[in-house]
Each structure stands twice: as C-alpha cells, then as structure tokens.
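Q: Here is my input, please return the structure:
(one chain, ligands or ions: 1)
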Amino acid sequence: MSGAALRVALIGASGLLGRAVADALAGDPKFLVTGTAHTRPGPGRVPLDLTDAAAIASFFDAYRPQAVVLAAAERRPDVCEQFPEQAHALNVGAVERIAHAAREHGAWLLSISTDYVFDGSRAPYRPDAPPHPLNAYGHGKLAGERALTPSLDNACVLRLPLLYGPLEQVGESAATSFIPALEAARADRPAVVDDWAIRYPTFTPDVAVVIRQLLERVAAGRPVTGIHHWSGNEAMTKYAIALELAARLGLDPAHIRAQSTPADTTPRPYDCHLDSASLEALGIGRRTPFAQGLDAVLDELRIRKSA
Ligand SMILES: NC(=O)c1ccc[n+]([C@@H]2O[C@H](COP(=O)([O-])OP(=O)(O)OC[C@H]3O[C@@H](n4cnc5c(N)ncnc54)[C@H](OP(=O)(O)O)[C@@H]3O)[C@@H](O)[C@H]2O)c1
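A: The predicted structure is shown next:
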C-alpha cells in the first residue's frame, strides 16, 4: 500500500481517546480519516449509531475504510453494572458488527480494550496472561475481545489502563472526575479517595501516538495483529493523583483523606499493570511524565474556563 492516503475510520472520534487520535492524525497526508460520533457529531465526525447494523454497513460502503480504529464503548464500570444490556450492545454487539464489516471490506481493525479484563492479583500482565475480570465492564470487554478472534489475522486488540488527557469536562476521566469533590472538601467534611488500588495513568496523546504508529505499519503493508498492551509506567493510587491535583488547583491536601481498603460498590482490580514489551519491541510508543501531562490538561481547562 503506497502512494495514496490510507482510508481510516475512527469510530468514537468524539470520546476522550478518539479526540486525541483525531488530533494525532489531523493534517497527516498519509491518512484520510473519517471520524464517527453518536451524540456529539461535528466537523470531521459523521453520526453513526453502533447499535444499528444497517447504519454500520452503509457507513462502510460509503467510506470503504482500509483501517478501522474502534474507540467507542461504554467505559464506565458502574453504568455497565446497572445497565448490562445497554453496555453489552456496545462493548460486545458493536464489536461483532464492526468486525464483520471490517472483514467484508478487508480492512485492518484495531479494537480498544482494557486492563480490567484481569483481576489485578498477578501484575504485571503480558498479553497472553489468562484474563479473569471482576466486574461487568471487564466481562463485557473480554467478550468483545473474543468476538474478534475470527478476525485476528487482520486485527489487533489494544488493552489500555486508566486514561487521562485533554478534556471536554472533568468527568470524562477517572483521573479527574473527583475534582468537584476535592473542591467541595472542608476540614470537617474531607474528600475520601481510594489509596488501595494501583493505577498507571496513561496520557491519551501518548496512546494516539501508539495508534498512529500502528496505522503507519498498516500503510506500509506490515500490520500488527493479535493482542497488545500499552501503559504509562508511573504507579499511583487515586489518592496520589488527588494530591497532585490539589497541589495544582491550590486546594488544601489536609482536606483529602486516604481510603486504604477497597470501598467501591463495583469491584475493581488491585493492580493490572500492563506489560507493553510487545509494542516496545517494534519501536512503538511514547510516555509523557504524569506531572507534565496533568499540567497540560489543567492548563487547557483553565484557558477554556477563562475564555
Ligand atoms: N477512559 C479510560 O480510562 C479507559 C481505560 C481503559 C480502556 N478504555 C477503553 O478506551 C476506549 C475509549 O474510551 P473513552 O474513555 O475514550 O470513552 P468515552 O470518552 O466514553 O467515549 C465513548 C465514545 O463512544 C461513542 N459512543 C457511545 N455510544 C455509542 C453508540 N451507541 N454508537 C456509536 N458511538 C457511541 C461516544 O460517542 P458520543 O460521545 O458522540 O455519544 C464516544 O465517542 C474504550 O474502548 C474504553 O473501554 C478507556
């Protein structure tokens, strides 16, 4: 595949990760990108409901993608517990539909999955480690991965951990969603934040670089297939993240209390550190230090608030 730009469908271009990928590919003459969105269409994003099989078929016929990045999902564990059918329609049904369409069109498919396919008791995890999800989100995403098995000769699963990056609103990332609680905390009413589970916050623009490099390999006729991992390498609890946020937002750290035992209603794994060696061996990847990434995210939020 040389000369003409690679036709890329970016499914879920309006999401936290999808926007970073769209930014990383924008203006690159190697790629002709069509983004899709559900409730947030806009410039560069055509509307596509992934629960509508006919709409998916029409989309593929219209844009004839040669590579597909599937970044749409229901990623909120509590919502997956409460609304299992709705979550299944997206995290499993949509993967099946997209995988079918990609196979029909001979397109390489990259499907995004999660570290929550593991139970967190035996980190670090290589891509071939046995999965054992603890909650509905992890079960659904694992079923989505398995829906891809017949396609894996021309498809790739990329598992990722906790993501943070440029935001439309703080609730989009589990690394920033507790900012309102931190801001509301007082000496007699502290914010209680988990200091038990180990997370590896991963900057969405870094994941976007990984995805761009994977697409470059598709364009060069050397597609990566199978299951792969990408992760930041700084181990942090949400409490440690909260202290970093407080320092930058001028909040009193004395108003934040560490919760040293798991307290979530939805069970979450302890430590799912993803071993990224299979992509590193291909020269793929970039890691922005957490402090630098968080500064960039908060600076952008401040600029937007003051505009
Ligand atoms: N966020 C994390 O910390 C994290 C961690 C590990 C893995 N992941 C995985 O990374 C991927 C991206 O997650 P994210 O955080 O970017 O998710 P997100 O911000 O919640 O974005 C979800 C995307 O899915 C789209 N979508 C939702 N329902 C749809 C439907 N019925 N039809 C078509 N599109 C629909 C949304 O479109 P609209 O907004 O336009 O409605 C949006 O573009 C997911 O596979 C997730 O499981 C995320």
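
Q: From here on, just use CA atoms for contacts and neighbour counts.
A: Will do.

Q: if you go through this structure in chain order, where are the strands?
A: Taking DSSP state E as the criterion, the chain carries its strands at 6-11, 31-37, 45-47, 67-70, 108-114, 155-160, 163-164, 191-194, 202-203, 226-229, 256-259.

Q: now those strands in JSON lines, with distance to the ligand?
A: Shown next, in JSON lines, are the strands of the chain (distance: least, CA to the nearest ligand atom, whole Å):
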{"stretch": "strand 6-11", "distance to the ligand": "7"}
{"stretch": "strand 31-37", "distance to the ligand": "4"}
{"stretch": "strand 45-47", "distance to the ligand": "8"}
{"stretch": "strand 67-70", "distance to the ligand": "7"}
{"stretch": "strand 108-114", "distance to the ligand": "4"}
{"stretch": "strand 155-160", "distance to the ligand": "5"}
{"stretch": "strand 163-164", "distance to the ligand": "4"}
{"stretch": "strand 191-194", "distance to the ligand": "16"}
{"stretch": "strand 202-203", "distance to the ligand": "8"}
{"stretch": "strand 226-229", "distance to the ligand": "11"}
{"stretch": "strand 256-259", "distance to the ligand": "21"}
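
Q: Could you dump the ones you listed into CSV with mean neighbour count, distance to Ala20 and mean pLDDT added?
A: Output for the strands of the chain, formatted as CSV (neighbours: other CA atoms under 10 Å; distance: least, CA to CA, whole Å; pLDDT from 0 to 100):
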stretch, mean neighbour count, distance to Ala20, mean pLDDT
strand 6-11, 23, 11, 98
strand 31-37, 22, 12, 98
strand 45-47, 18, 13, 97
strand 67-70, 25, 12, 98
strand 108-114, 25, 14, 98
strand 155-160, 24, 14, 98
strand 163-164, 22, 10, 98
strand 191-194, 21, 27, 96
strand 202-203, 26, 9, 98
strand 226-229, 20, 18, 98
strand 256-259, 18, 31, 96
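
Q: Contact residues of the stretch 1-150 of the chain facing the ligand?
A: For the stretch 1-150 of the chain, the contact set with the ligand under CA under 6 Å from any ligand atom comprises 12-18, 37-41, 48-51, 71-73, 75, 112-114.
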